[in-house]
Structures are given as structure tokens and as C-alpha cells.
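1. Structure for this input, please:
(2 chains)
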There are 2 protein chains.
Amino acid sequence: MNGKHVKLYIPGPIEVSKETFRAMSAPMIGHRSSDFADLYQQAHPHLQSLFGTKRPVYLSTSSAWGVMEASIRNLTAKKVLNCCGGAFSDKWLDVSLRCGKSAEALQVDWGRPIDPVALEEKISTGEFDVVTVVHNETSTGVQNPLTEIAGVLKKFPEVLLVVDTVSSFSAVPLCVDELEIDVLLTGSQKALALPPGLSLFTVSEKALARAAEIKDRGYYFDFLEFEKNAQKFMTPSTPCISLIHGLVWKLKQIHDEGPIERFSRHEKLNSMVHQWVESHGFEHFAPDGFRSKTLTCVSNNLDIDIPAWISEMRKRHSLIINGGYGKIKGKTFRISNMGDETEESISAMLNALSDTLP
Amino acid sequence: MNGKHVKLYIPGPIEVSKETFRAMSAPMIGHRSSDFADLYQQAHPHLQSLFGTKRPVYLSTSSAWGVMEASIRNLTAKKVLNCCGGAFSDKWLDVSLRCGKSAEALQVDWGRPIDPVALEEKISTGEFDVVTVVHNETSTGVQNPLTEIAGVLKKFPEVLLVVDTVSSFSAVPLCVDELEIDVLLTGSQKALALPPGLSLFTVSEKALARAAEIKDRGYYFDFLEFEKNAQKFMTPSTPCISLIHGLVWKLKQIHDEGPIERFSRHEKLNSMVHQWVESHGFEHFAPDGFRSKTLTCVSNNLDIDIPAWISEMRKRHSLIINGGYGKIKGKTFRISNMGDETEESISAMLNALSDTLP
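-> Residues are numbered from 1 along each chain as shown, chains lettered A, B, ... in the order given. Below is the predicted model of the structure:
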């Protein structure tokens, strides 16, 4: 349709398999029918397992920003603390303000992880009732220390923790209930290797109780509507049925591979990318110990012409990586190892990168 | 995947063709790439033609309720008048209130059209700055007199007109610019015969100017973000790329059929359904002159067991109609003639209805 098939090694959307598209092509069903409830129900235990929760997991017909904004609208009564250190986490502060809420940044330099000690200090002021964290900052390749951050929040039961796992979900273990995370959200187009347009999230009972006290929540992203509908395996509004067909198929595939095996595979493929980075004289943008398992953000310390490189790999190998995002565009490049990749396909991609490196 | 293929003659979602699913299966592209801008640009002139506008048409990754709520949040400074006469238009009032806005209903009985005279009287109070109208009330089968309603609004340039054409769009002519409609919105899963998850809408310059003065618009549904991004054929958040691939294909198909021919086809198929209704002793729920061209809402004046009937047609003919919505469930049933239907397929469906009628 749009010419040649170019395989995406950008950090989302990524390559969607033929089998996924086939699953998405299942005949349409009524969204208020038991057919739909059955479909949702097929996905649900697998989702609970990946989220690490016994709570319902909701299906939102939106990209993740919808649910990120919804978390602000549904939960902020006093003031939200947005932990910022990259394009997406910084933007969350802006979105909080655009919702008319009091909001403040706990800012670190791009490429640095959130510091749990600074976080605790900030929360101790008593000013905040919500904290947002991007687990895997897609723009910088930093994976924030979620266990430590959640540990801080456990000391402040009146402060709700909202975590975006858009680019880490299903590639690393997540334990919502154990970490007492109040909202965990993700999107379909990253490690799940589905097309974009579907978000998944779960909300704690404590967060639902807070939402019940907040006015102006609206309808489309009202957490209480999601909860009420999920009890019947329904959604508040007409859901993106084809993507949910794809999700059910993908979750079965994940189940068959085994979550542990899947996490190991991502770790292995990620380390292959790291090896390539180091052996070619590049430096990591994120510090050791805080590097994403799904994508690698590489400093352009060799000062290569990244757009020319990407254009060349597209032309000669029909694949692309990403040339950096936001204010570090051109100063970094990003390589994804999410989704259905194998050692063979990652090797082939890395060879293509070497082959075309200016 | 979910057993036998049951063809949907419910008023959305409806049958999605194999060709549409094939178009939706195009390889994934980056949503911040020129590939995506090219895709959007392919859809755009066809969308402008169907909307009857020279303004940009926006792509929202949501179902239509998202944009319906967004219209309230973006545009209501004083008070919104929600024209109510069915499940969806009534709900719009509820959604307005949930957004924390002042709102009032101009209520007619379900099955009655909005009265332009009553509307003018109400607007004349000077209380309102936004009016919402559902063009084709999917729950009652009423098509409201849009030209007359828009004519009233032309007398009040300070009042914005928001029109939901979820179940009429692309099946009847629409002229946003000529009627001076401020927001016209629709969804993908009705007459366009795409899966749900994508909404389309256009916003007048006057409405954008109003939005610019409104705080708390948020981000995900901020009209000004849509406008800014549409100028570059982009979307504010990650869009549902596969549905947009499907949209481009569907719009080419509509273009090839010819819009006029498409409108006539829907009218013809609709009249076939009407004939069936009348020849079987049923009565229309909507009055003559105000009946939808895309679906027929039928009064259950013969007091038949509708669930048993639908179960029988599903079992014996692998198709279903809908057994009524909201408070008229069981008292009405609804038959869709939207999408890719032909005289042959509608005949076959009507024969199946006759064959299984209790």
C-alpha cells in the first residue's frame, strides 16, 4: 500500500506479524454482546498475570496519553508530582497543567534516573497526593528503579503512584499488587507488537476511592466507568475490537513462550545491541544499571550523520532505527529490541547497521 | 477465532470486508514519519469531500464519545444545550454534566425529532454558547432535520453547533461549511464499515477561537493540538495506524462508487427494509419524514419475542439484527442497511428475518 515493507526497529510502533494481522481480521462482533465479553475474558487472566495484579485490567480505546491524562483528571485533588527526565515524563507535567491541576516537576537531567531519596524528600512536604513515573523513558533509554520508587511511596499511603510502562510492559516483570502501584498503564504498539490504538491499565481500590471524590472526571476516561464495565467484561465506550482480537492472540503467544522465557529473550537481545554499541565505539546515553531492556539509546559521540545513515539502511536493508527524540534528536539514536525479535533477526539488523554506518 | 462468522445487521459495528482487513494489514509505519503524513494526506481530500468542508479533518484515536466529550470540554464557557431524544443524545447531557459544565436538555420524547422552533426559543434566552445535536439518533432511528437546525443556529453566531453524525456519515450528504456547523464528528464502525477505534471530526475556526479561551482542555482531546498537528498531517498522540490504512482504502472505494451513487444505494436499501417492515404489519418507531437512511427502528407492535427471534436467525442464517437499545429494548428492534450491503444481501437478510419470524 505504501510501497516497500520497511521493518521498524524504532521504539514503537514496531513490526506487527502476519499472524497478528490475521487474528485482527476476525469477523466483527457486537460490543454489547456476550461475544465481546467472551473475548475480553480470554485476554483477562493473561493480562492480570503480566500486570502482576488480582485487580481487573481495563481496555481503553486510545493511545497511552489518554490514560496518562486520565490518571491526572481522576486522581489529583491536591497536587501532582511528575517525575521528569525525558520527553515523555516531561510532557506529563505539561499535560497535568493543561488539565487545570496543580503540578510540579521532580526534574532530573535527560538520561538520568529518578532518585528515590530526592523523591522521598519531595513527597515529605505533604504537598502532593499523586506521583507519576515513567518506568521506561522511551526518549532516553532509562529504566527507572521502580521497586525503590514504589518503596518510597509505601511510606505515604495517602499519595497515589501512577506508572507508565508503555515501553517496558510484557518485556520485564511487573508486580502491581506487590509494589502497591495505584495505576499501571501501557500501550499496544511497543513490546506487545500490536498496532497502536489500544491501552491497557489497572487501578487500585484506593485510587478508585479517590476518583469517586473527584468531580469533572468526564466520561470517556472515567476510572469508575471502566471498573463498573470491567466487572461484566465490557468497556464504557465502543472498543477497538480488532485490536482486542489481536491482543488475545498475542497474549496466548506470550503464554506459550512463557513470561520468564520472554523476559530472558528481551534481555539477551538487548545485550546483543549493547555489545554492538560498545564494539563500535559508541557510548550509552543511560548510565549502567538503569538501561532499558527493550530499547537502547546511544550517544552520537562519534558525530555521525544519523539521518543519512538511517536513509541508507532503509534503502539497502529495508529497515530503520530511530534518530533520537525531542531535544536529543541527532545527538542520540535509538534501537529497539522489542516484540517478536529473535537472535537471528537482531543479528541481521545489527549487521545492517554496521554495513551502512557512515 | 470466536466460532462461526455471524454477519451483523445491528446498527454498528457492522460487517467488515476481507478487503478492508487486508488494507489494515499493511506493514507498520512510524507515526512521526513522512510515511504517516503521506497516509493521512491520502485520506484527507476524500474526507473533506464527505464532510463538505475546506477545513482540516482530524483523526482521533478513540471512539466517538471521546470527541463528543471533547466538544463539551473545548467549547463550553457558559452553558451547553444538549438536544435530547434518544439514548445517545440523552447521554450527551450526562457527559456534559460529568465534565463539570453547566448543561440543560432540550428534551423530546424518544422517537420524536428535535423541533427547530423550540430550539430557537431556547437559544433566544441567551443562556447558551454551545448546542449539541445527534443527527441520526441510532437508538430511535430518527434523523433530525439538520438543515433547519443549522438554520436556527445561523441566527446566533455566538452559539456553536456540534453535530454527531456517527450513524449517518458517508451514507447521506453532509455540508459542514454550507450549514456553518462548528464541529461535525463521526466514528469508523458505522456506515464506513471499518472496525471501531477511530473517530473523524472537523472544527470551525470560530470553534478553535473559543477553545483557545477555555482552560482545562487537557491534551489528548485538545482541539488546538489536533489543528496544529493536522497542518503537518500528524496527530497529537500515536494514532491507530491500521485503522487509518483501512480508512484510506475505504475512502478510495467510496470515491470509486461515487458519493451520489453511495447515498442512493443507502436510500434504496433502506426503502427495502421499510417495505419489509410495513408488509409484515410492523410500525416504524420514527415518524415519516424523519427516518434514518442507515438503520430502521421498528416498533414491536406485534409483541413478538425478539431475543428468541434473533437467536433463531443467528442459528439458522448466521446473521443478527439488534433487539432495541436502552429503555426501548424489547419494545423495538433495529435493522441496519449501512456499509457494503447490496440489494442482494439486504434481500437475503430480509428473507432470513421473514423465515425466522416467530
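
2. The host helix or strand of A:Gln48 packs against which elements?
-> Using DSSP states H and E, A:Gln48 falls within helix A:34-51. Counting by 3 or more C-beta pairs under 8 Å, 6 or more residues apart in numbering or on different chains; DSSP states H and E, the packing neighbours recorded for helix A:34-51 are strand A:199-203, helix A:241-257. Yep, even glycine has a C-beta here, placed from its N, CA and C like the rest.

3. Now tabulate these in a markdown table and tack on mean neighbour count, mean pLDDT and distance to B:His245.
-> Converted to a markdown table, those look like this (neighbours: other C-beta atoms under 10 Å in any protein chain shown; pLDDT from 0 to 100; distance: least, C-beta to C-beta, whole Å):
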| stretch | mean neighbour count | mean pLDDT | distance to B:His245 |
| --- | --- | --- | --- |
| strand A:199-203 | 27 | 98 | 20 |
| helix A:241-257 | 22 | 98 | 12 |
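
4. Those: which one's closest to B:Pro45?
-> Proximity to B:Pro45, assessed across the helices and strands packed on helix A:34-51 by C-beta to C-beta, is greatest for helix A:241-257 (25.8 Å).

5. pull the CA atoms of the closest one into CSV?
-> C-alpha atoms of helix A:241-257 as CSV (Å, rounded to 0.1, in the frame of the first residue of the first chain):
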residue,chain,number,x,y,z
ILE,A,241,-12.5,-4.8,18.7
SER,A,242,-9.9,-5.8,16.1
LEU,A,243,-7.0,-4.7,18.2
ILE,A,244,-8.5,-6.7,21.1
HIS,A,245,-8.7,-9.8,18.8
GLY,A,246,-5.0,-9.2,18.1
LEU,A,247,-4.3,-8.8,21.9
VAL,A,248,-6.0,-12.1,22.7
TRP,A,249,-3.8,-13.8,20.1
LYS,A,250,-0.7,-12.1,21.3
LEU,A,251,-1.3,-13.0,24.9
LYS,A,252,-1.7,-16.6,24.0
GLN,A,253,1.6,-16.4,22.2
ILE,A,254,3.2,-14.9,25.2
HIS,A,255,1.7,-17.5,27.4
ASP,A,256,3.1,-20.2,25.1
GLU,A,257,6.5,-18.7,25.1
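
6. And the next helix or strand after that helix, how far out from the chain middle?
-> Next along the chain after helix A:241-257, taking DSSP H and E as the criterion, comes helix A:259-279. Mean C-alpha position of helix A:259-279 versus that of the full chain (C-alpha atoms, centre = their mean, to the nearest Å) differs by 18 Å.

7. contacting residues around helix A:259-279?
-> For helix A:259-279, the surrounding residues in contact (C-beta atoms under 8 Å, 6 or more residues apart in numbering or on different chains) are A:49-50, A:170-173, A:191, A:254, A:257, A:283-284, A:291-294, A:296, A:298, A:335, A:337-338, A:341-343, A:346-347, A:350, A:353-354.

8. Tell me which of the residues you listed fall in helices.
-> For the contacts of helix A:259-279, the ones inside helices are A:49-50, A:254, A:257, A:343, A:346-347, A:350, A:353-354, with DSSP state H as the criterion.

9. Pipe the residues you listed into CSV and attach distance to B:Phe36 per row.
-> Listed next are the ones in helices among the contacts of helix A:259-279 as CSV, based on distance: C-beta to C-beta, whole Å:
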residue, distance to B:Phe36
A:Ser49, 33
A:Leu50, 28
A:Ile254, 28
A:Glu257, 30
A:Glu343, 30
A:Ile346, 25
A:Ser347, 29
A:Leu350, 26
A:Leu353, 23
A:Ser354, 28
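
10. Show me what from the stretch 201-350 of chain A comes close to chain B.
-> Contact residues (C-beta under 8 Å from any C-beta of the partner chain) of the stretch 201-350 of chain A with chain B: A:215-222, A:236-243, A:245, A:248-249, A:320, A:322.

11. List buried residues within these.
-> Neighbour-count burial within those applies to A:217-222, A:236-243, A:245, A:248-249, A:320, A:322; the criterion is 16 or more other C-beta atoms under 10 Å in any protein chain shown.

12. show me what contacts A:Ala43?
-> Contact partners of A:Ala43, counting by C-beta under 8 Å, 6+ apart, are A:57, A:59, A:244, A:247-248, A:251.

13. Contacts only, for the residue lying closest to A:Leu319 once chain neighbours are set aside.
-> Leaving aside its chain neighbours, A:Leu319 sits nearest to A:Lys7 (4.3 Å; criterion: C-beta to C-beta, 6 or more residues apart in numbering or on different chains). For A:Lys7, the residues meeting the contact criterion (C-beta under 8 Å, 6+ apart) are A:15, A:318-320, A:349, B:27.

14. Kindly report the same for A:Asn229.
-> If you count contacts by C-beta under 8 Å, 6+ apart, A:Asn229 has them with A:235-236.

15. ok, 10 Å please
-> Residues counted as contacts of A:Asn229 (C-beta atoms under 10 Å, 6 or more residues apart in numbering or on different chains) are A:40, A:56, A:58-59, A:235-237, A:239.

16. Three-state assignment for the residue of the stretch 51-200 of chain A found nearest chain B, please.
-> In the stretch 51-200 of chain A, the residue that lies nearest chain B is A:Gly197 (3.0 Å; C-beta to the nearest C-beta). Using DSSP: H, G, I helix; E, B strand; the rest coil, the structure places A:Gly197 in coil.

17. Pull the number of nearby residues for it.
-> Residue neighbour count, defined by other C-beta atoms under 10 Å in any protein chain shown, stands at 30 for A:Gly197.
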